[in-house]
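Q: Fold the following for me, if possible:
(chains A and B)
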Amino acid sequence: MTTLKVPIGPEDHIQGDDQAGCTLVEYGDYECPHCGRAHAIVKRVQKHFAKRLRFVFRNFPLNQIHPDAEMAAESAEFAGAHGKFWEMHDLLFENQDRLGAALLQELAKKLNLPFADLQKALEQGTYRDRVRADFSGGVRSGVNGTPTFFINGQRHDGPFEYADLVEVIEQALATSHT
Amino acid sequence: MPSILPAGTSAPEFRLPVTHDQKLSLSELRGNPVILAFYPADWSPVCGDQMALYNEILPEFQKYGAELLGISVDGVWCHEAFAKDRNLHFPLLADFEPKGEIARAYGAYRKDDGISERALFVIDRNGIIAWSYCSPIGVNPGADGILQALDELPK
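A: Got it, this is the predicted structure:
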């Protein structure tokens, strides 16, 4: 069984209750179409489980096939440093077919983030190490593509349609109560 | 599933084409750890497939001085087109003629399908298999096992 090697910590982007019975971790890439599809599914899953589920997103940009993925990941981290990670995260996935400098400018404006600072952070690679750290941890944990999900620390190898995720999370919740 | 060569076995030598005018043999890489990744075929239709993933992880492998070699029964022109399309930065070996000969030598050939398994071998500096793993054909094994095996090689 492949397990998550990097525990959830204060550095993570977390949605939901620390006391939730189940934690869903996603390693994803903003340019990956499968992740784009999973984004909407995860939203529904979060809504369904509400307080019983905690969600964590970590970066796994496949830069060799997705040339804008790194820039997107670093932009989300930049937004995170300004307390707006999830807002940027959602907007990047919702607009993933338009990733690029023009979109980033538009999103920065929308979120009231200083675009000049974002540009500077991207040029200087301010958040590159952060993204690399997510990636390396993912590799060590057996992330084998994007998206890769971990449910209470176990890699989820099956399909990730809404019904599939609901089923495995229900199982994890049932186990965590015993 | 055939049984692949286990740890402790001497890695069978090969000399295979890596491009239409270049060949590579295992013994040329003696002195460095070698990751030999058998996979069923070029052009698998998923994002972040096994070879694309290893391409991303290449810098991590290089920290160990390890050489990564992909190997399948596809021919050199197919490999060249695939590597170019996916921007791969490591060699793909063509186990093409006699077909699957090297996969057979490593116990990683699927005779009924005419392709190799998704089998991974970490070969130490002296040409001995330090770790091997055969993944179910539909499951991308990731790289955690490879990195752990590289960690455990004598320094």
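Q: Per-residue pLDDT of residue 33, please?
A: The chain I'm using is chain A. A:Pro33 is assigned 94 on the pLDDT scale.
Q: my bad, chain B
A: 98.
Q: does any bit of the helix or strand of chain B with the lowest mean pLDDT sit next to chain A?
A: When the helices and strands of chain B are scored by mean pLDDT, DSSP states H and E, helix B:50-62 comes last with a mean of 92. Yes. Applying CB under 8 Å from any CB of the partner chain, one finds helix B:50-62 touching chain A at B:50, B:52-53, B:55-57, B:60. To be clear about C-beta, it is placed using only N, CA and C from the backbone, and glycine gets the same treatment.
Q: Would you double-check that A:Arg155 falls in a strand?
A: Yes. Counting by DSSP: H, G, I helix; E, B strand; the rest coil, A:Arg155 is located in a strand.
Q: A:Val6 versus that one, what's the distance?
A: 13 Å (CB to CB, to the nearest Å).
Q: Now do the shared contacts for these two.
A: A:Ser141 (CB atoms under 8 Å, 6 or more residues apart in numbering or on different chains).
Q: Counting neighbours, go ahead and name the busier of the two.
A: A:Arg155 (20 against 16; other CB atoms under 10 Å in any protein chain shown).
Q: A:Gly21 against A:Thr175, yeah?
A: No. The criterion here is CB atoms under 8 Å, and A:Gly21 misses it with A:Thr175 at 9.0 Å.
Q: Those two: which has the busier surroundings?
A: A:Gly21 (18 against 11).
Q: need the contact list for that one.
A: A:52-53, A:172-173, A:176-177.
Q: Let me see the backbone angles for it.
A: phi -70, psi -20 (degrees, to the nearest 10).
Q: distance of it from A:Asn144?
A: 26 Å.
Q: can you give me the helices in chain A?
A: A:33-49, A:69-81, A:85-94, A:101-110, A:115-124, A:128-140, A:162-177 (DSSP state H).
Q: quick one: the residue positioned nearest the centre of chain A from A:Lys84, how far?
A: Compute the mean C-alpha point of chain A, and by CA atoms, centre = their mean the closest residue is A:Phe57, 2.8 Å away. Per CB to CB, A:Phe57 is found 14 Å from A:Lys84.
Q: likewise A:Cys32?
A: 22 Å.
Q: So for these two, which residue has more residues nearby?
A: A direct count of neighbours by other CB under 10 Å for A:Cys32 and A:Lys84 places A:Cys32 higher, at 23 against 18.
Q: Give me the phi and psi for the more buried one.
A: Per degrees, to the nearest 10, the backbone of A:Cys32 is at phi -80, psi 120.
Q: mind checking how far it is from chain B?
A: 5 Å (CB to the nearest CB, to the nearest Å).
Q: and residue 10, what is it in contact with?
A: Chain wasn't specified; assuming chain A. Residues in contact with A:Pro10 (CB under 8 Å, 6+ apart): none are found.
Q: um, chain B though
A: B:127-129.
Q: neighbour-wise, which of the residues you listed leads?
A: Busiest of these [other CB under 10 Å] is B:Ile129, holding 22 neighbours.
Q: who in chain A is up against chain B?
A: A:2, A:5, A:29, A:32-34, A:62-65, A:135-136, A:139-146, A:157.
Q: again, only this time at 7 Å
A: A:2, A:32-34, A:62-65, A:136, A:139-146, A:157 (CB under 7 Å from any CB of the partner chain).
Q: filter the residues you listed to the buried ones?
A: Buried members of these, scored by 16 or more other CB atoms under 10 Å in any protein chain shown, are A:2, A:32, A:34, A:62-65, A:136, A:139-146.
Q: What's the local residue count around the nearest residue to A:Ala69 once chain neighbours are set aside?
A: Spatial nearest neighbour of A:Ala69, excluding adjacent residues (CB to CB, 6 or more residues apart in numbering or on different chains): A:Pro61 at 3.6 Å. A count of neighbours around A:Pro61, defined by other CB under 10 Å, yields 27.
Q: okay, A:Pro61: pLDDT?
A: At A:Pro61, pLDDT is 95.
Q: same thing with B:Pro45?
A: pLDDT, read off for B:Pro45, is 63.
Q: give me the beta-bridge partners of the most centrally placed residue in chain B?
A: In chain B, the centroid-proximal residue (CA atoms, centre = their mean) is B:Ala37; its distance is 2.0 Å. When assigned by DSSP bridges, B:Ala37 has beta-bridge partners B:Gly70, B:Leu120.
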